[in-house]
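Q: sequence and computational prediction follow.
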Amino acid sequence: MNGIFYTYLTLGFEHIADLAGYDHILFLVALCAVYPWSSWKKVAILVTAFTLGHSLTLALAALNILNIPANIIEFLIPVTIFITAISNTHPSAMASSEKAGFSRPMILKYVIALFFGLIHGLGFSNFFRQLTMPSQENDLIPQLFSFNVGVELGQLIIVAFILSFSFLLHILFKMNIRSWNIFISGAAAGIALMLMLERIPN
Amino acid sequence: MPILLFLSSFFYLAHTFHVSKTMVEYNEKEKSLQISVHLFIDDLEESLKNQGYTGLFICTERESGQAEKHIESYLRKNLTFSINGKLTNYTFIGKEGSSDMSAVWIYLEIPFSGKIKTINIKNSLLIREFDDQKNLVHVIGPNKKEGTIIFANAKIEDLLTFNP
């Protein structure tokens, strides 16, 4: 038997790292496609901004303050992936990755990650709602907190894996980050498009 | 074609999830373990269908007269409690639909007047049917000792010890 913190941390971690629910992973792929390993700090801030966004809407949905139909959210999630992936092809996308961590274009990116996080948080809420026990309704805040910590940990591991992979390609095949970005953003946009078509709300 | 089929099942998988939850609470006054199990009706029906039981329409007006019997026998096979090392049968109290009717709450009870030192829980609910099935069990035991267990494919059994 485990306490709330460990239980919900595990559930959050496994939920984000689960390949069956790969749409959030795909968003992270698109989010960090333009960054080489050396920009890991910016990626960590981006991921955390995303977490702040989805923590907020997850809490509002779990507390029944916000209630948006699941089919609309499930459609909007690939839309966020598609927009992020397409915007990576804009000339300014690569340029911003060379700017300072808190330069204006980077701050704009953090804000966008946070904003898209708001949509993903509503997606998490469908899952989270199924995890709460009737006797634990007063423990929602610690449950939410631990779940979010688990999700954030999972996300950091996923982006560390993606950055390491592109770094490895760079070392082994002299791959440059521009080609990598176009390659991986194209793949993400293609999958996102398929998901959008599958999930068009009736 | 097989590739297309595979792809479509892959896309379909994105975001369906399989979770059940169970509350186990020891009631000191009534000397009994009171158990509530929350299962998604579509998942439960799918699993009973695999055993050949179709058309059950659980928790609807059309519910088959056999539904409750099949649910009970499914539970007895896939959710067991051993108290102090001895397999203990539970009484099937009843069931009701959840507020949004997507799931069913099933109520069970184990009267037990002695001192509970250990409870061994085996929970394989829907685990054979769904790879990603997770079964949460929240226990409030004797002396209010409280905690949660996550049962899944890799873990379908757990032994809880309660100190006097």
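A: That came through, no problem.
Q: A:F50 touches A:L118, doesn't it?
A: No. The criterion here is C-beta atoms under 8 Å, and A:F50 misses it with A:L118 at 9.6 Å. (Glycine included, C-beta is placed from N, CA and C.)
Q: and those two? Which one has more around it.
A: Comparing A:F50 with A:L118 by other C-beta atoms under 10 Å in any protein chain shown, the one with more neighbours is A:F50, at 29 against 20.
Q: surely the more buried one is in a helix?
A: Yes. Counting by DSSP: H, G, I helix; E, B strand; the rest coil, A:F50 is part of a helix.
Q: measure it to chain B for me?
A: 18 Å (C-beta to the nearest C-beta, to the nearest Å).
Q: and for A:P36?
A: 29 Å.
Q: just want the residue of chain B that's nearest chain A.
A: Relative to chain A, the nearest point of chain B is B:G147 (2.9 Å; C-beta to the nearest C-beta).
Q: which of the helices and strands in chain A ranks last by mean pLDDT?
A: Least confident element among the helices and strands of chain A, by mean pLDDT, DSSP states H and E: helix A:91-97 (a mean of 78).
Q: in that one, what's buried?
A: A:A93, A:M94, A:S96, A:S97 (16 or more other C-beta atoms under 10 Å in any protein chain shown).
Q: in JSON lines: those residues, plus distance to chain B.
A: JSON lines is the format used below for the buried residues of helix A:91-97 (distance: C-beta to the nearest C-beta, whole Å):
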{"residue": "A:A93", "distance to chain B": "26"}
{"residue": "A:M94", "distance to chain B": "29"}
{"residue": "A:S96", "distance to chain B": "30"}
{"residue": "A:S97", "distance to chain B": "28"}
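Q: for stretch B:113-124, C-alpha coordinates in PDB please.
A: Only the C-alpha atoms of stretch B:113-124 are listed here, as PDB (Å, rounded to 0.1, in the frame of the first residue of the first chain):
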ATOM      1  CA  SER B 113     -15.300 -10.500  13.700                       C
ATOM      2  CA  GLY B 114     -11.800 -11.700  14.500                       C
ATOM      3  CA  LYS B 115      -8.600  -9.600  14.500                       C
ATOM      4  CA  ILE B 116      -7.400  -8.800  11.000                       C
ATOM      5  CA  LYS B 117      -3.600  -9.300  10.700                       C
ATOM      6  CA  THR B 118      -3.200  -9.600   7.000                       C
ATOM      7  CA  ILE B 119      -5.300  -9.200   3.900                       C
ATOM      8  CA  ASN B 120      -4.100 -10.700   0.700                       C
ATOM      9  CA  ILE B 121      -5.800  -9.200  -2.400                       C
ATOM     10  CA  LYS B 122      -5.800 -10.700  -5.800                       C
ATOM     11  CA  ASN B 123      -7.200  -8.400  -8.500                       C
ATOM     12  CA  SER B 124      -7.100  -9.500 -12.100                       C
END
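Q: which outside residues touch that stretch?
A: Residues outside stretch B:113-124 that contact it (C-beta atoms under 8 Å, 6 or more residues apart in numbering or on different chains) are B:22, B:24, B:26, B:31, B:33, B:78-85, B:135, B:137, B:139, B:141-142, B:149, B:151, B:156-162, B:164.
Q: among those, which lie within helices?
A: The helices, defined by DSSP state H, take in B:N78 from these.
Q: which of the contacts of stretch B:113-124 fall within strands?
A: Those of the contacts of stretch B:113-124 mapping onto strands are B:22, B:24, B:26, B:33, B:79-83, B:135, B:137, B:139, B:149, B:151, B:157-161, per DSSP state E.
Q: A:L63 contacts A:Q143, doesn't it?
A: No. Here A:L63 does not reach A:Q143: they are 11.2 Å apart, not a contact under C-beta under 8 Å.
Q: neighbour count winner among these two?
A: Using other C-beta under 10 Å, the more surrounded residue of A:L63 and A:Q143 is A:Q143, with 23 against 12.
Q: show the pLDDT at the closest residue in space to that one that isn't next to it in sequence.
A: Nearest non-adjacent residue to A:Q143, counting by C-beta to C-beta, 6 or more residues apart in numbering or on different chains: A:Y8, 4.8 Å away. Looking at A:Y8, its pLDDT is 95.
Q: which secondary structure element contains A:Y8?
A: Using DSSP states H and E, A:Y8 maps to helix A:4-17.
Q: buried residues in that helix?
A: For helix A:4-17, using 16+ other C-beta under 10 Å, the buried residues are A:I4, A:T7, A:Y8, A:L9, A:T10, A:L11, A:G12, A:F13, A:E14, A:H15, A:I16, A:A17.
Q: how about the fourth one, what does it touch?
A: For A:L9, the contact set (C-beta under 8 Å, 6+ apart) comprises A:S146, A:F147, A:V149, A:G150, A:L153.
Q: for burial, what's the neighbour tally of residue 83?
A: Went with chain A since none was named. The burial count for A:I83: 15, using other C-beta under 10 Å.
Q: let's do chain B instead
A: Neighbour tally, B:I83, other C-beta under 10 Å: 17.
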